[in-house]
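A.B. asks: sharing a model prediction with you, sequence too.
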Amino acid sequence: MPYIRVSVAKPRKGEEARLEDLMRKLSALSAEQSGCVESWVLKPHDNSGEVARIAVYESEHAAEAAANQTSFMALRSEIHLAAEPGHTERAFFSI
């Protein structure tokens with residue numbers, strides 16, 4: 001059953017390029033993991049400044065195994081520093 005992780009963040013002032021770079025690194029790291037089907041970094045058509053990352057995994061187990069790696073946690077920690085408070089991280093599975 002596919003499992004999808006979605007992150008949406010707005011950069012702090014002056015952190016726009018850094019946040020986008022961190023999201024790209026996290027997306028690339030996701031794509032290298034066993035069980036990751038696809039991973040993208042996205043920007044909306046509006047000028048909200050938000051950056052999103054979507055990763056599709058074969059299962060929740062595969063997504064959790066990837067997310068619990070030290071390298072993932074380090075990048076996510078950096079994203080928290082570069083993004084405004086309250087960014088969204090969600091997970092979905094098919095029904």
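C.D. replies: Okay, I see it.

A.B. asks: can you give me the strands for this structure?
C.D. replies: Ranges of strands in the chain, per DSSP state E, are 3-9, 36-42, 51-57, 88-93.

A.B. asks: tell me which of those is the most buried.
C.D. replies: The highest mean neighbour count among those, using mean count of other CB atoms under 10 Å, belongs to strand 51-57: a mean of 21. Yep, even glycine has a C-beta here, placed from its N, CA and C like the rest.

A.B. asks: max-length helix in the chain?
C.D. replies: Assignment by DSSP state H gives helix 16-31 as the longest helix of the chain.

A.B. asks: residue 74: neighbour count?
C.D. replies: For residue 74, the neighbour count with other CB atoms under 10 Å is 12.

A.B. asks: what's the answer for the one 3 residues further on, then?
C.D. replies: Applying other CB under 10 Å, we find 10 other residues in the vicinity of residue 77.

A.B. asks: kindly report the same for residue 46.
C.D. replies: By other CB under 10 Å, the residues close to residue 46 number 7.
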